[in-house]
Structures are given as structure tokens and as C-alpha cells.
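1. Need the 3D shape of this:
(one chain, ligands or ions: 1)
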Amino acid sequence: MRSKVIVALLFLISIFCLGFSNVFASDIDAPTIYAEKCALCHGEDGKGTSAGIGFGTKDFTDKEWQGSRTDDEFVNSITHGNPDNDNYIPFGDMLSEEEIKAMVPHVRAFAH
Ligand code: HEC
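-> Down below sits the predicted model:
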């Protein structure tokens, strides 16, 4: 009888933990943000769509170029755009700081 109570308790505890893990896990979905807001210019494969390349996008799969840019520069560019390039829209008003930071590893992953 007692063991049944323990099993039931463990079961309840595990459900409780599962529910809670969502609270701690980040719910930022970088791939969805990329598909909705970035792929238009940067392409699903990171190489840039023809429209994007016309605007001056860089090839995200180019390791050498990736190496020439820091994470902070990426965050800054995504937030404020490029003052020298009007075609680069700033995303600071559309995405939160956390979301913008989450995009950096997503962009980096194209060159892996
Ligand atoms: C309207 C087209 C367009 C969209 C949409 C767009 N970008 Fe860009 N992106 C550009 C262009 C053009 C550049 C090149 C800017 C430059 O260096 O002149 C660029 C450059 C970048 C760079 C390199 C910045 C650097 O400092 O070298 C990153 C990273 C980047 N974009 C990420 C993103 C992310 C993430 C999104 C979606 C949230 C996005 N872009 C949406 C056009 C776009």
C-alpha cells in the first residue's frame, strides 16, 4: 500500500517538474524568427536571396567572413542596422534584446 503512495507521489512530482521546465527554458525560437524575418534577404541557407544579395547581404556560410565579425558587432548591426547601408533595416524595435542575441548563434551555425 505504501509503495503505491510513493509511486503516485513520484508521478506527481515528475509532472510538476515537467511543467516547470518550460518556465525555465527560453521560449525564444530562433529558427522561426529567422524564417519569418530574416530569410527574406538572407535565405533559408544563409547565402542570401537574390533580393538580399542586391541589398548587400554577406554569405553567412563564408567562414572567413564570419571570423572577421564579432558577436557584439552582429548584435549591434541587427539592432541598429548599418548607417552606411539604408537597405539594412534595424530590428531593435521588432525584436527584444534577448531575441537579437539568440539570432547570433543561429547566424554562426550557417558556417559550421
Ligand atoms: C531587407 C533585407 C534584410 C533582412 C530582412 C535582414 N537582413 Fe541582415 N543584412 C542585410 C544586409 C543588406 C546586410 C549587410 C549590411 C552591411 O554590412 O552593409 C545584412 C547583414 C546582416 C548581418 C551581418 C552584420 C555585420 O555586422 O556584419 C547579420 C548578422 C544579419 N544581417 C542578421 C540578420 C538577422 C538575424 C535578420 C532577421 C532578424 C536579418 N539580418 C534580416 C539585409 C537584411
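2. can you pull out the helices in this protein?
-> Using DSSP state H, the helices found in the chain span residues 2-24, 30-33, 39-42, 50-55, 63-68, 71-80, 97-109.
3. Turn these into TSV, columns for mean pLDDT.
-> Listed next are the helices of the chain as TSV, based on pLDDT from 0 to 100:
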stretch	mean pLDDT
helix 2-24	66
helix 30-33	97
helix 39-42	97
helix 50-55	96
helix 63-68	97
helix 71-80	97
helix 97-109	97
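4. Would you convert the ones you listed into JSON lines that also reports mean neighbour count?
-> Using the backbone N, CA and C atoms, a C-beta is placed for each residue, glycine as well. Listed next are those as JSON lines, based on neighbours: other Cβ atoms under 10 Å:
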{"stretch": "helix 2-24", "mean neighbour count": "9"}
{"stretch": "helix 30-33", "mean neighbour count": "14"}
{"stretch": "helix 39-42", "mean neighbour count": "17"}
{"stretch": "helix 50-55", "mean neighbour count": "13"}
{"stretch": "helix 63-68", "mean neighbour count": "12"}
{"stretch": "helix 71-80", "mean neighbour count": "15"}
{"stretch": "helix 97-109", "mean neighbour count": "16"}
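5. Any chance of those helices in JSON lines with distance to residue 86 as columns?
-> Output for the helices of the chain, formatted as JSON lines (distance: least, Cβ to Cβ, whole Å):
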{"stretch": "helix 2-24", "distance to residue 86": "41"}
{"stretch": "helix 30-33", "distance to residue 86": "23"}
{"stretch": "helix 39-42", "distance to residue 86": "13"}
{"stretch": "helix 50-55", "distance to residue 86": "9"}
{"stretch": "helix 63-68", "distance to residue 86": "21"}
{"stretch": "helix 71-80", "distance to residue 86": "13"}
{"stretch": "helix 97-109", "distance to residue 86": "20"}
